[in-house]
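Engineer: Structure for the following, please:
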Amino acid sequence: MVEVHDGPPMDGFSVPLRLHNLLLALAGRIDDSALTEARELIARAHIDEAVELTTGTLIAGRIPVSSAEQRELALVLEMSRSDATLANDLLVDETEPVNTHRFSGENSPEFGIAEALDRTLQVLPDVRSVHAVWRNTPAGSVPGALPQRVVLVELGPDGNPPAVAFRVDTALRRAGIHSVVEVSGPGVAHSEYHQAASAAASPAWVTGSTTSSTSVYRPEPAKPAPPVTPEPVAESGSRHSMRSSTTTTAPPPEPVAPVVPIVSPPAPEPPRQSRSERSETRAERTADLTPAEVAQLRQALAEDPEKGREIAAGKPSMHEVVELPALDLDDPSLSERDRALLRELHAELAERERAEAAKMRLNGASRSGGDQRGWTAP
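Structural biologist: This is a model prediction of the structure:
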């Protein structure tokens, strides 16, 4: 069983920082994805999950560790209230690991990093420098795509490595830059992996700089437009003469015809015919019968049907006064023919009365007009 109470090599560091420094020592040996996820868990204060993920990755991949690293893992497991016996399943190898990774600074690994970290670096305390490099060799038992960009961040004593690693990785991912972020502070020994990466890295940002370093991917400056030679203009006496000549030579504006809305005239209404002009129906001809006339017509038909028919047919002269007895059209003794004759008779009588009245009015008007024409002033 691993003894966890022996003096570890990182006394004086907090539990999150101890695990962060342990992950720095394991960089290049475990998977990049597991390394990034464990650092995010540390930044979110999930120390137990981070150390269990790291230990499980080492056990599953049969990745060798030194006895000091085994004790450090057991101590962090115990301090985070996890099962410290997981460290007993680690593969311990005391031989010094040999760095087999190859790094390259060609093809501008620092391109776009300063722009992506501009706002983040302004709020993070005591960030000294940011470098970038390409790693051309796989890492861990489940390696990712190659080449892999590695971003190296150096902090001063006031920096917080776990928080800076998480913030820088988040900003780069938001900008679409996939990379592995390695943040180291003062007092931590660099492994051969970090030494080889730093030797080939290109600076992306240093203290006091606000823009990125030189890069072959800088856009070319826009070419200036060729000068435009103005066309020669005939000289004139003065600006006033030029203005007057311009106004005189300008053609007058063409008159614009006013827009008149087209309104279709309303359709004329058909002339209404008077009651006298249109033919009267039988119902209209009998509508003017009074009860007395109906009674008289009925009595005439009852006493002398022939005389009643003559009256209804209109045979008597217009000046003949016919005395009609009172008749009743509701009498059941009358036939439909008799009732029709009564209606026609009364209609004829009504028409004669109207004609006589109109004639009398016409005669009266003609007399009054003749009197006025024959009168002379005294």
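Engineer: for stretch 188-195, what is the average pLDDT?
Structural biologist: In this model, stretch 188-195 has an average pLDDT of 90.
Engineer: Residues touching that stretch, excluding its own?
Structural biologist: 21, 24-25, 27-28, 97-99, 101, 152, 182, 184, 198 (C-beta atoms under 8 Å, 6 or more residues apart in numbering). All C-beta atoms are positioned from the backbone trio N, CA, C, and that covers glycine.
Engineer: Name the residues of that stretch that are buried.
Structural biologist: Residues 188, 191, 193, 194 are the ones in stretch 188-195 that count as buried (16 or more other C-beta atoms under 10 Å).
Engineer: Greatest separation within those residues: which pair is it?
Structural biologist: When C-beta to C-beta is used, the two most widely separated members of the buried residues of stretch 188-195 are 188 and 193, lying 13.2 Å apart.
Engineer: follow-up on the earlier one: let's have the buried residues of stretch 188-195 in TSV, adding secondary structure and distance to residue 66.
Structural biologist: Below are those laid out as TSV (DSSP: H, G, I helix; E, B strand; the rest coil; distance: C-beta to C-beta, whole Å):
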residue	secondary structure	distance to residue 66
188	coil	16
191	coil	11
193	helix	14
194	helix	17
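Engineer: what ranges do the strands span in this protein?
Structural biologist: With strands called from DSSP state E, the chain shows them at 103-104, 127-135, 148-155, 180-184, 202-206.
Engineer: Do a quick rundown of the helices in this structure.
Structural biologist: Along the chain, counting by DSSP state H, helices occupy 15-26, 32-43, 47-60, 67-79, 113-116, 118-123, 161-174, 192-200, 239-249, 282-285, 291-303, 305-313, 336-374.
Engineer: Output those in CSV; the columns should cover distance to residue 207.
Structural biologist: Formatted as CSV, these follow (distance: least, C-beta to C-beta, whole Å):
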stretch, distance to residue 207
helix 15-26, 21
helix 32-43, 23
helix 47-60, 30
helix 67-79, 31
helix 113-116, 13
helix 118-123, 10
helix 161-174, 14
helix 192-200, 16
helix 239-249, 61
helix 282-285, 116
helix 291-303, 126
helix 305-313, 133
helix 336-374, 123
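Engineer: ok, back up a step: just send the buried residues of stretch 188-195 back as JSON lines, with distance to residue 69 too.
Structural biologist: Putting the buried residues of stretch 188-195 into JSON lines (distance: C-beta to C-beta, whole Å) gives the following:
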{"residue": "188", "distance to residue 69": "14"}
{"residue": "191", "distance to residue 69": "11"}
{"residue": "193", "distance to residue 69": "14"}
{"residue": "194", "distance to residue 69": "16"}
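Engineer: Compare the helices of the chain and give me the one nearest residue 105.
Structural biologist: Of all those, helix 192-200 sits nearest to residue 105, with 4.7 Å by C-beta to C-beta.
Engineer: What is the nearest of the buried residues of stretch 188-195 to residue 57?
Structural biologist: residue 193 (16.6 Å).
Engineer: The closest one and residue 125, how far apart?
Structural biologist: Here the criterion is C-beta to C-beta, to the nearest Å. By it, residue 193 lies 26 Å from residue 125.
Engineer: are any of the contacts of stretch 188-195 buried, and which?
Structural biologist: Buried members of those, scored by 16+ other C-beta under 10 Å, are 21, 24, 25, 27, 28, 97, 99, 101, 152, 182, 184, 198.
Engineer: Nearest to residue 109 among these?
Structural biologist: Of the buried ones among the contacts of stretch 188-195, the one sitting nearest to residue 109 (C-beta to C-beta) turns out to be residue 152, at 10.4 Å.
Engineer: which regions of the stretch 101-250 of the chain sit below the pLDDT cut-off?
Structural biologist: 208-250 (pLDDT under 70).
Engineer: cutoff 90 now
Structural biologist: 139-146, 186-190, 207-250 (pLDDT under 90).
Engineer: thought residue 149 was touching residue 181?
Structural biologist: No. Using C-beta atoms under 8 Å, residue 149 is not in contact with residue 181, being 9.7 Å away.
Engineer: Those two: which is more packed in?
Structural biologist: residue 181 (23 against 18; other C-beta atoms under 10 Å).
Engineer: Beta-bridge partners for the more buried one, please?
Structural biologist: In this entry, residue 181 is beta-bridged to residue 151, by DSSP bridges.
Engineer: OK, contacts around it?
Structural biologist: 36, 39, 151, 153, 165, 168, 169, 172 are the contacts of residue 181 under C-beta under 8 Å, 6+ apart.
Engineer: Just among those residues, which is most surrounded?
Structural biologist: Ranked by the number of neighbours (other C-beta under 10 Å), these place residue 165 first, at 27 neighbours.
Engineer: Not counting sequence-adjacent ones, nearest residue to that residue?
Structural biologist: residue 183 (4.2 Å; C-beta to C-beta, 6 or more residues apart in numbering).
Engineer: burial of the one you found, as a residue count?
Structural biologist: Under the criterion other C-beta under 10 Å, the count of neighbours that residue 183 has is 26.
Engineer: ok, now how distant is it from residue 156?
Structural biologist: Distance, residue 183 to residue 156, using C-beta to C-beta: 12 Å.
Engineer: quick one on the thing from earlier: could you dump the contacts of stretch 188-195 to TSV with distance to residue 137?
Structural biologist: Formatted as TSV, the contacts of stretch 188-195 follow (distance: C-beta to C-beta, whole Å):
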residue	distance to residue 137
21	23
24	18
25	18
27	13
28	9
97	14
98	13
99	10
101	5
152	17
182	15
184	21
198	16
